[in-house]
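Colleague: model this:
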Amino acid sequence: MNSVEYKKKKIVCTQCPLGCKINVVYADADEIEIVEVKGNRCKRGLEFVKQEITDPLRVVVTSVKVEDGEIPMASVRSDKPVPLRLMQDIMKTLKQAKVKAPVKRGDVVIQNILDTGSDIIATRSVDRKK
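Modeller: Here you go, the predicted model:
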């Protein structure tokens, strides 16, 4: 018989400007079961906690190399959050990535990175060397 282990976690919700400090108690067994949630002031907080406990998501913000650019790097970000569990692999992929100048702000640098459904887009324009 498996014994259920209860865990407590404090999470700051980022779904709206309120930034609720949410306390959650959950059972970490074969499937995660949320037992108690306190501190959220709206329904979005509860949904955020569920996502954060089961499979947290983050927006990727970094830079990639630019070939023949006026500057050697261009800042990029994911257009939607990606699973935190894939962050190391995504960063490894982006570290090896190179784009050719010119790069315009908003250009898709990598489509559907690691099959996450998220595109990596440039957040800075970089012109070609003169």
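Colleague: Lys80 contacts Ser118, doesn't it?
Modeller: Yes. The criterion here is C-beta atoms under 8 Å, and Lys80 meets it with Ser118 at 4.7 Å. For the C-beta atoms, the positions are set from N, CA and C on the backbone; glycine is no exception.
Colleague: please identify which of these two sits among more neighbours.
Modeller: Ser118 (23 against 12; other C-beta atoms under 10 Å).
Colleague: contacts only, for the more buried one.
Modeller: Val60, Ser78, Asp79, Lys80, Pro81, Val82, Asn112 (C-beta atoms under 8 Å, 6 or more residues apart in numbering).
Colleague: if you set the cut-off to 10 Å instead, what comes out?
Modeller: Residues counted as contacts of Ser118 (C-beta atoms under 10 Å, 6 or more residues apart in numbering) are 57, 59-60, 77-83, 86, 90, 110-112.
Colleague: now Val24
Modeller: Counting by C-beta under 10 Å, 6+ apart, Val24 touches 7-11, 34-40, 45-46, 49-50, 52-53.
Colleague: who touches both of Lys80 and Ser118?
Modeller: Leu57, Val59, Val60.
Colleague: and the furthest pair within the contacts of Ser118?
Modeller: Greatest spatial distance in these: Leu57 and Gln111, 18.7 Å, computed using C-beta to C-beta.
Colleague: more crowded one of those two?
Modeller: The neighbour comparison of Leu57 against Gln111 (other C-beta under 10 Å) goes to Leu57, with 17 against 10.
Colleague: which strand residues bridge the residue nearest the centre of the chain?
Modeller: Central residue of the chain (C-alpha atoms, centre = their mean): Arg58, 1.7 Å from the mean position. As for beta bridges, Arg58 partners with Val82 under DSSP bridges.
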